[in-house]
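*Asks:* Sequence first, predicted coordinates after that:
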Amino acid sequence: MMRWRGAMLDISRHYFDAAFIKKTISALAAFDYNTLHLHLTDDQGWRLESTVFPRLHEVGSVRKQSQNNHGLLEPTYDGKEHSGYLTHADVRDIVSHAQSLGMQVVPEINIPGHTGALLAAYPQYGINKNSVEVSGRWGISDYLLRPFPETFEFLTKVFEEVAELFPSEYIHVGGDESLIDNWLQDAEVVAFMKENGFATTKELFIFFMKEVEKIISALGKKMITWDDAFAFDPEQATHATVMSWRGAAIAQIALDHNREVIQGPVFPTYFDYAQEVSVDEPLAIGGPVTLDDVLAFTPLAGVTGVQFQLWTEYIQTPMHAEYMMWPRAAALAYRCWGEGKDFESYFEKRKPKLDALGVTIRDLDPLKRAKIAHLGIGAYYRGFDTASMMEALEKSAVAGEVAHDF
């Protein structure tokens, strides 16, 4: 059976508490998932208590408001404060529950970009030490950590605390969508580049990630990054496991460079994408990613594993999150490591476990489907071309470019 059978839950964009996380673990375990990847930090929220740097959760977990329309549109906001974070006790409870079901919980602390919530708490580690607010807007931000010794000293203490809480073999450090040319806006960073012989910001990025790799390795952990961090320069990149989100081409290049690879391509493993284009579906970033799309997915030979992603910019409630996961999460399990002659019988055999947990499932019969369109934040956005988006992502990955947020 595939070694990494994963699910990613983003609790930064919208916070989901320990009870929901434990329920989700129970549901996933019924389909032989063995890894929950928790996306704990981003521009929109820091969701982990820190006794070492308490402002991370005191300041970084609170945003004034949230965007309530599609991220490709001029933003409008709900005017409502959003907050929440997992305490150390919460994490221990979650990890214990996961271990009892044969699952690991892998934390992600996203760096050097996607760091708005971190820098709202500790702006001295960001470009020009600019004052920052926790963002309520979706999409890629300009926030970026500076590549200085004091930054790595700070990150060492952060990751030491994370490693103590999460006994997993891996720590995920993000590395995606970092607008690294913004380093050139900081005169001290430019001077640092000259002093240390970095000709380009890509070289500086590789230096940054290698310093982080030293931190993670010293903690006895394996580092994971999104494929962006590898694709900038496959020959010079860290030895981190590559979590490939931009298609099979960059995943194969990583395999060819003897990296562990976890496949989680946007199409068809981003379960925040709509399941069909319909006004009866809640607002989503794009799509559709249908059940049949998931059932047609074929992983590359030699990958360590497969993972679906549930990003939560457009997902505010447990009911909505479950509606987006199920039955697509079951379909991915069936396709990549399940048994049986057909998906329907495979799912029906295990569905009673979801029912016993009270999980919301998007019924295959539209007449029996939970009506949750009202849970979305705004009208459904129709102007999306999944095929063109995937082609652009593949090209950006192979070229070693930062992908735009879709």
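*Replies:* Good, I have the coordinates.

*Asks:* Can you show me the strands along the stretch 201-350 of the chain?
*Replies:* 222-226, 241-244, 261-263, 305-310 (DSSP state E, counting those that start in this stretch).

*Asks:* closest to Met103 out of those?
*Replies:* strand 305-310 (12.8 Å; Cβ to Cβ). Using the backbone N, CA and C atoms, a C-beta is placed for each residue, glycine as well.

*Asks:* residues in contact with that closest one?
*Replies:* With contact meaning Cβ atoms under 8 Å, 6 or more residues apart in numbering, strand 305-310 is reached by 2-10, 35, 37, 243, 245, 262-264, 269-272, 297, 299, 321, 324-325, 328-329, 332, 336.

*Asks:* repeat that with 7 Å
*Replies:* 2-10, 37, 262-264, 269-272, 299, 321, 324-325, 329, 332, 336 (Cβ atoms under 7 Å, 6 or more residues apart in numbering).

*Asks:* same check, this time on stretch 337-344
*Replies:* Met1, Met2, Arg5, Asp32, Leu295, Ala331, Tyr334, Tyr346.

*Asks:* Quick check on the third one: phi, psi?
*Replies:* With angles defined as degrees, to the nearest 10, Arg5 sits at phi -120, psi 90.

*Asks:* Just the element for the residue lying farthest from the centre of the chain, please.
*Replies:* Note on the chain: the largest C-alpha distance from the chain mean falls to Glu195, namely 34.7 Å (Cα atoms, centre = their mean). Using DSSP states H and E, Glu195 sits in helix 187-196.

*Asks:* At which residues are the helices of the stretch 1-150 of the chain located?
*Replies:* Per DSSP state H, counting those that start in this stretch, the stretch 1-150 of the chain carries helices over the ranges 18-29, 55-58, 88-100, 116-121, 149-165.

*Asks:* And for the stretch 251-400 of the chain?
*Replies:* 266-269, 291-295, 318-325, 328-336, 343-357, 386-398.

*Asks:* Now render those as TSV, adding distance to Lys157 and mean pLDDT.
*Replies:* Output for the helices of the stretch 251-400 of the chain, formatted as TSV (distance: least, Cβ to Cβ, whole Å; pLDDT from 0 to 100):
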stretch	distance to Lys157	mean pLDDT
helix 266-269	34	97
helix 291-295	40	98
helix 318-325	32	98
helix 328-336	35	98
helix 343-357	38	98
helix 386-398	33	79
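
*Asks:* Tabulate the ones you listed (a markdown table), appending mean neighbour count and distance to Asn128.
*Replies:* What follows is these, written out as a markdown table (neighbours: other Cβ atoms under 10 Å; distance: least, Cβ to Cβ, whole Å):
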| stretch | mean neighbour count | distance to Asn128 |
| --- | --- | --- |
| helix 266-269 | 23 | 33 |
| helix 291-295 | 18 | 44 |
| helix 318-325 | 23 | 37 |
| helix 328-336 | 24 | 43 |
| helix 343-357 | 14 | 48 |
| helix 386-398 | 16 | 27 |
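
*Asks:* Reformat those helices as JSON lines; add distance to Ala199.
*Replies:* Shown next, in JSON lines, are the helices of the stretch 251-400 of the chain (distance: least, Cβ to Cβ, whole Å):
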{"stretch": "helix 266-269", "distance to Ala199": "32"}
{"stretch": "helix 291-295", "distance to Ala199": "43"}
{"stretch": "helix 318-325", "distance to Ala199": "44"}
{"stretch": "helix 328-336", "distance to Ala199": "42"}
{"stretch": "helix 343-357", "distance to Ala199": "52"}
{"stretch": "helix 386-398", "distance to Ala199": "22"}
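
*Asks:* which intervals of this structure have sub-threshold pLDDT?
*Replies:* Counting by pLDDT under 70, the chain contains low-confidence ranges at 380-384, 404-406.

*Asks:* Give me the neighbour count for the spatially closest residue to Pro147 that is not a sequence neighbour.
*Replies:* Nearest residue to Pro147 in three dimensions, chain neighbours excluded: Phe208, at 4.6 Å (Cβ to Cβ, 6 or more residues apart in numbering). When neighbours are counted by other Cβ atoms under 10 Å, Phe208 registers 27.

*Asks:* cool, Gln104 as well?
*Replies:* So Gln104, with other Cβ under 10 Å, has 18 neighbours.

*Asks:* For Phe16, see how far away the residue nearest to Phe31 when sequence neighbours are not counted is.
*Replies:* Nearest residue to Phe31 in three dimensions, chain neighbours excluded: Ala333, at 4.0 Å (Cβ to Cβ, 6+ apart). In this view, Ala333 and Phe16 are 21 Å apart by Cβ to Cβ, to the nearest Å.

*Asks:* is it true that Gln275 touches Asp292?
*Replies:* No - between Gln275 and Asp292 there is no contact under Cβ atoms under 7 Å: 10.4 Å.

*Asks:* Flag every buried residue along stretch 250-262.
*Replies:* Ile250, Ala251, Gln252, Ile253, Ala254, Leu255, Arg259, Glu260, Val261, Ile262 (16 or more other Cβ atoms under 10 Å).
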